[in-house]
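Visitor: need the 3D shape of this:
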Amino acid sequence: MDLRDFIKKCEKEGELKRIKAEVDWDLEISHISKLVEEKSGPALLFENVKGYKSPVLTGAFGTTKRLAIILGKSPDLSMVQLTKEWVNVAVKEVIRAKEQKDGPIFENILEGDKVDTLAFPSPRFYELDGGRYFGTAVFLVLQDPDTGDINLGTYRMGILDDKTVGVQILKGKKGDRIMKKYGKTGKKMPACAIIGGDPLHIFASAATVKAKSGYDVVSSLRGEPVEIVKGQLTGLPIPAAAEIVLEGEVDPQNLRNEGPFGEYTGYYTEELIKPIPKPALEVKRIYYRNNPILWETSVGRPVGDQHILYAFTRNASLWTDLVKMDIPGIKSVYTLPEASGRFIVVVSVEQMYPGHADQVGAAVIASNTGMYGIKCVIIVDDDIDADDLPRVWWALGTRYNPARGTQIINRGRSTPLDPSLGPDDNKFITSRIIMDATIPFEWKVKPTEIKLSESMLAKVKSRWKEYGFEE
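Guide: Coordinates of the predicted model:
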């Protein structure tokens, strides 16, 4: 599947709307998209952007049904059920990507003086943004100079000039660690910014998964090898069916002011809302397909399509971490999109021994996924699904005893984009809370839950229409 296949499938399922009226890349696209996303509306394909011939796609991840389309699963599955499908694949044998000599991405090439990052209808999203953003549904391809591993990472990319884009590579992320290796040798870091190809590339680049190549993760999830080609300058692997690729290099010693940008938290977090120094991709060559589709996500306040993407990929990564940590009894994991798809997670567990719930809470924040940014972990019994929020609140109201069930961890790794960290706080350290909303395993006498009679339920259901109700 590539991005064009996804668009066709969405249109067939009534999950995409084509906007034929002329729209402006300056604020208008983002505002239309945001209003539609907040109502769980369709993905949007803007076909008439002022001053451009290329269309813009937004809202691709806006509903669980569209996640299912991307994953090739039943549209009736919930996010937790889709997550379990990912986990089942993640612990199986890896499928390797397949290299090709040529692909649609090389249909058009800009190089030298013809390189122009403004050749595509990149939007300006919000009034206080520092400019136009080429990349919000984009991933960056890097190669670790020591191991040869291929890393796919999602980093926003603001246009600095016609031949440069800023890249928000945050401290401590894999891309930052790779960049520092190049910096120590005094070399520039080869990089490719990718839009399009199989939408699963964004899943793999947003997830915290370990693999020799992010393309192998995509191949394993898809169940068949993803086709890649080599960038003509860097030799880095890029999707053969990508829509747009910016190929070039990043000088670790030459940071450029970029931003501000309305983040996925719903806030601006750059100090005093001003540009701050970021790595910059010096674009040497641009590849693009005929009639390229620029894919964007409007980010901003929850809930939009990026929050659903973040929630899903963090669910999948965290659940996989817990399975690989050999933690028994995990029934479901759910990261709340309403909490920006990052900060609050619920885990349902079948308790098997005293302290089991405590173990799960500790494992979440110690995991590769949970150690970054999660501030609240809620543990519930296995009679409650992690994504059944009314039941989760019920458990917090009736099973959670603050004195017994609360653990506060004063120091843990944070994302600097968290607006709850004040101007004088360390932007990379936050506190965390584990809330045990389970009935203690060791209690000999436990509360008796009110349950409906199975026989009477069957009788009532059989007479439902007779009572005057619709099915």
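
Visitor: does residue 87 sit in a helix, a strand or a coil?
Guide: Here residue 87 is recorded as helix under DSSP: H, G, I helix; E, B strand; the rest coil.

Visitor: neighbours of it, how many?
Guide: When counting by other C-beta atoms under 10 Å, one arrives at 21 neighbours for residue 87. C-beta coordinates here come from the backbone N, C-alpha and C atoms, glycine included.

Visitor: thinking it is in contact with residue 323, fair?
Guide: Yes. Counting by C-beta atoms under 8 Å, residue 87 does reach residue 323; the two are 6.1 Å apart.

Visitor: mutual contacts of the two, please.
Guide: Common contact partners of residue 87 and residue 323 (C-beta atoms under 8 Å, 6 or more residues apart in numbering): none.

Visitor: can you tell me the closest non-neighbouring residue to the most centrally placed residue in the chain?
Guide: Residue closest to the average C-alpha location in the chain (C-alpha atoms, centre = their mean): residue 310, at 3.2 Å. Closest residue to residue 310 apart from its sequence neighbours, by C-beta to C-beta, 6 or more residues apart in numbering: residue 341 at 3.0 Å.

Visitor: what sits against the one you found?
Guide: Residues in contact with residue 341 (C-beta under 8 Å, 6+ apart) are 264, 302, 306, 307, 308, 309, 310, 311, 314, 335.

Visitor: can I assume the first one is in contact with residue 299?
Guide: Yes. Counting by C-beta under 8 Å, residue 264 touches residue 299, with 5.1 Å between them.

Visitor: ranges for the strands of the stretch 101-250 of the chain?
Guide: 108-111, 133-135, 139-143, 150-153, 157-161, 164-167, 189-196, 227-230, 237-239, 242-250 (DSSP state E, counting those that start in this stretch).

Visitor: from the contacts of residue 341, pick the one nearest residue 368.
Guide: The shortest approach to residue 368 among the contacts of residue 341 belongs to residue 314, at 11.1 Å (C-beta to C-beta).

Visitor: I'd like the next helix or strand past the helix or strand where the closest one lies.
Guide: Using DSSP states H and E, residue 314 maps to helix 305-324. Using DSSP H and E, the helix or strand that follows helix 305-324 in sequence is strand 330-335.

Visitor: in that next one, which residues are buried?
Guide: Neighbour-count burial for strand 330-335, counted by 16 or more other C-beta atoms under 10 Å, picks out 330, 331, 332, 333, 334, 335.

Visitor: same check, this time on stretch 163-171
Guide: In stretch 163-171, the ones that count as buried by 16+ other C-beta under 10 Å are 163, 164, 165, 166, 167, 168, 169, 170.

Visitor: closest to residue 176 among the residues you listed?
Guide: Residue 176 lies nearest to residue 169 out of the buried residues of stretch 163-171, by C-beta to C-beta, at 5.1 Å.

Visitor: what's the per-residue pLDDT of the closest residue to residue 266 other than its chain neighbours here?
Guide: The spatially closest residue to residue 266, leaving aside those adjacent along the chain, is residue 301, at 3.1 Å (C-beta to C-beta, 6+ apart). Per-residue confidence (pLDDT) for residue 301: 91.

Visitor: what is the neighbour count of residue 301?
Guide: Here the number of neighbours of residue 301 (other C-beta under 10 Å) works out to 16.

Visitor: helices of the stretch 151-300 of the chain, start to end?
Guide: 174-185, 200-206, 214-222 (DSSP state H, counting those that start in this stretch).

Visitor: what are the phi and psi angles of the residue nearest to residue 266?
Guide: Main-chain torsions, residue 301, degrees, to the nearest 10: phi -70, psi 150.

Visitor: help me confirm that it comes into contact with residue 337.
Guide: No. Using C-beta under 8 Å, residue 301 is not in contact with residue 337, being 11.5 Å away.

Visitor: residue ranges with poor pLDDT in the protein?
Guide: Within the chain, the stretches with pLDDT under 70 are 90-91, 208-210, 270-272.

Visitor: how is it partitioned into domains?
Guide: 3-295, 325-437 (automatic domain parsing).

Visitor: format the ones you listed as TSV; extra columns: distance to residue 452.
Guide: Formatted as TSV, the entries for the domains of the chain read as follows, by distance: least, C-beta to C-beta, whole Å:
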stretch	distance to residue 452
domain 3-295	23
domain 325-437	14
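
Visitor: so for residue 449, which of the ones you listed sits nearest?
Guide: Residue 449 sits nearest to domain 325-437 of all the domains of the chain, at 8.1 Å, using C-beta to C-beta.

Visitor: quick one: that closest one to chain centroid distance?
Guide: 19 Å (C-alpha atoms, centre = their mean, to the nearest Å).

Visitor: tell me the secondary structure of residue 6, please.
Guide: Looking at residue 6 with three-state DSSP, the answer is helix.

Visitor: and the nearest residue to it once chain neighbours are set aside, what does it touch?
Guide: In this structure, residue 6 finds its nearest non-sequential neighbour in residue 199, 5.2 Å apart by C-beta to C-beta, 6+ apart. Neighbouring residues of residue 199 by C-beta under 8 Å, 6+ apart: 1, 3, 6, 60, 70.
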